[in-house]
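Trainee: Below is the structure, and that's it, no one-letter string:
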C-alpha cells in the first residue's frame with residue numbers, strides 16, 4: 001500500500017456541521033456555521049468552538065460569553081450553508097432562512113427552534129490559537145425536540161437526520177455499523 005506525506009493540515013473528517021446562534025448585549029442576533037466544534041469533557045459537560053476573529057459573531061461571543069450550538073439536519077442543511085457564506089453584518093439570517101428564534105434557559109443567546117438539539121453554552125476560557133480563537137464553554141442547558149422522543153422518554157438523536165461536514169461537502173449521517181462495546185459483546 002502506497003502512502004504520501006503531506007504538509008501538516010486538519011484532516012480530521014467528518015465533523016458535525018452546526019449552526020451557532022449568538023446575540024450581543026443590545027439584542028442583535030446572528031447565526032454562524034461552525035465545523036470546528038466538539039465535545040471536550042463529560043463532567044462538567046463542556047464543548048469547544050473555534051471562530052475566526054474577523055467573523056461578525058466573534059465579538060458577540062466575546063462580549064457576552066454565551067452561544068447556542070444548534071445541530072443541523074437534512075432539512076436545515078441549506079440554511080446551515082447560507083449562514084456560513086453570508087455575513088450577519090449584511091442580513092438577518094433568522095429572517096432570511098425562515099428560522100425561528102428559540103428562547104433558551106440560562107443564556108440570552110437564542111436557539112434555533114427548527115433544530116432537534118440546542119446546546120446552551122457559557123464560555124469559561126478563550127484561547128487565541130492562530131487563525132481561530134477557541135471558546136471553551138460549559139454546557140448550561142440542552143433543549144430537545146419532543147418529536148424524537150419515544151413513549152419511554154428516550155431521545156432518538158440518531159433518527160433526526162443529522163448532517164456532517166467533510167472536506168467542503170455536507171453528508172447525511174449514514175448507516176449504523178455497531179454500538180459502543182459491540183466488539184467485545186458476547187453472542188446471546
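Mentor: Everything's here; your move. None of these values were measured; they are calculated from a predicted model.
Trainee: what's the distance between residue 187 and residue 178?
Mentor: Residue 187 sits 14 Å away from residue 178, going by C-beta to C-beta, to the nearest Å. Glycine gets a C-beta too; all of them are placed from N, C-alpha and C.
Trainee: check contacts around the residue positioned nearest the centre of the chain.
Mentor: Nearest to the geometric centre of the chain sits residue 18, at 3.1 Å (C-alpha atoms, centre = their mean). Shown in contact with residue 18 (C-beta atoms under 8 Å, 6 or more residues apart in numbering): 33-35, 37, 69-72, 80.
Trainee: cool, residue 111 as well?
Mentor: Going by C-beta under 8 Å, 6+ apart, residue 111 touches 21, 68, 70, 101-104, 118, 120, 143.
Trainee: Tell me which of the residues you listed fall in strands.
Mentor: 21, 68, 70, 101-102, 118, 120, 143 (DSSP state E).
Trainee: Provide a ChimeraX selection command restricted to the buried entries of these.
Mentor: ChimeraX command restricting those to the buried ones, with burial defined by 16 or more other C-beta atoms under 10 Å:
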select :21,68,70,101,102,118,120,143
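Trainee: biggest separation within the ones in strands among the contacts of residue 111, which pair?
Mentor: The two members of the ones in strands among the contacts of residue 111 with the most space between them (C-beta to C-beta) are 101 and 120, at 13.4 Å.
Trainee: circling back to that earlier point, which pair of the contacts of residue 18 spans the longest distance?
Mentor: 35 and 70 (13.7 Å).
Trainee: In terms of helices and strands, where is the spatially closest residue to residue 129 that is not a sequence neighbour?
Mentor: Spatial nearest neighbour of residue 129, excluding adjacent residues (C-beta to C-beta, 6 or more residues apart in numbering): residue 50 at 7.0 Å. Using DSSP states H and E, residue 50 maps to strand 46-51.
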